[in-house]
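Trainee: pasting the structure only:
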């Protein structure tokens, strides 16, 4: 063990002796290409040395006090990391950008959102939207080295900037990724007294996202949203009926909905297989309704009317 200790100490000493620019590059590599002025000072660089590297193009100013190292072709993660570094060690990525980093939503807008736990004023930065808010230790996390709000705290922040559908989608995606901790979410809500997002997020606690987590495509998800928003009973999705995998199924009504069309198939063979499947399901006594993307986006009233009509017809037939 003493030998291991000596090796570790020797490695630390050797690291300290590395050329400063190499150490800066290694740090930037861990931080998606960016470093802060505070970190540069920690390597012993004076303001004059920083200005010299900026003039030579070895550092590229990204925000005040934040620099890209070597080039300015930053990835989205690099830009997110730079946004956090711009507001200091207490800052975390938040709101839509946190949701995108957690893969709960697509990147939203051109300005990055950062939350800082401070009572002091916050200096503005071009392209960044700062939020001043108390952050419990449980509200903080890291993804790929980037400080970010936890998933429950991200959902609370989203509840204040998103519509109901956008919030619900993020909630469903967290469930799909098996990253939805309801108990942690309840704790966040208990700390959120007075927050505008409290009510819409609390409403989601009574919502079961399980059907949506089994969808395989955006088309299926779109259909489930349409059905749910219209108050139609939620079908089972991606289940076997007579040995065939179907997109949506109401077992009591023996109603199958298939979400496809030739445009969305991989080719003619898949198109023909689906038509054969539909024919066999009909022969087995099932009602089959095939819908396309165009119908789901442009003929929503007709789609809901058709589904309701077929469900009502099944109830009427059962009562004869």
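Mentor: Yep, it's here. Everything quoted here is computed from the prediction, not taken from an experiment.
Trainee: spatially central, which residue of the protein would that be?
Mentor: With distances taken as CA atoms, centre = their mean, residue 104 lies nearest the centre of the chain, 1.8 Å away.
Trainee: what is the helix or strand hosting residue 29 packed up against?
Mentor: Per DSSP states H and E, residue 29 falls inside helix 20-30. Counting contacts by 3 or more CB pairs under 8 Å, 6 or more residues apart in numbering; DSSP states H and E, helix 20-30 packs against strand 34-36, strand 66-69. Placement of C-beta: from N, CA and C, glycine included.
Trainee: next SSE after the shortest one?
Mentor: Going down the chain from strand 34-36, the next helix or strand is helix 37-42, by DSSP H and E.
Trainee: buried residues in that following helix?
Mentor: Buried residues in helix 37-42, defined by neighbour count with 16 or more other CB atoms under 10 Å: 37, 39-40.
Trainee: could I get those residues as CSV with pLDDT and distance to residue 205?
Mentor: CSV is the format used below for the buried residues of helix 37-42 (pLDDT from 0 to 100; distance: CB to CB, whole Å):
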residue, pLDDT, distance to residue 205
37, 95, 43
39, 95, 41
40, 95, 46
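Trainee: sorry, back to before: for the residue nearest to the centre of the chain, what are its contacts?
Mentor: Taking CB atoms under 8 Å, 6 or more residues apart in numbering, we find residue 104 in contact with 151, 154-155, 169-170, 173-174, 177.
Trainee: now the helix holding residue 29: buried residues?
Mentor: For helix 20-30, using 16+ other CB under 10 Å, the buried residues are 23-25, 27-28.
Trainee: for it, give the mean pLDDT please.
Mentor: For helix 20-30, the mean per-residue pLDDT is 93.
Trainee: what about that helix, distance to the chain center?
Mentor: Distance, stretch centre to chain centre, for helix 20-30: 30 Å (CA atoms, centre = their mean, to the nearest Å).
Trainee: where do the strands sit along this structure?
Mentor: In the chain, the strands defined using DSSP state E lie at 34-36, 59-63, 66-69, 91-93, 112-116, 128-132, 140-143, 146-149, 236-241, 244-250, 255-259, 287-291.
Trainee: direction included, what does the first one pair against?
Mentor: Think strand 34-36. The pairing partners recorded for strand 34-36 under DSSP bridges are strand 66-69 (antiparallel).
Trainee: contacting residues around the partner strand?
Mentor: Residues from elsewhere that reach strand 66-69 (CB under 8 Å, 6+ apart): 24-25, 28, 33-37, 40, 50, 54, 58-62, 74, 78, 82, 85-86.
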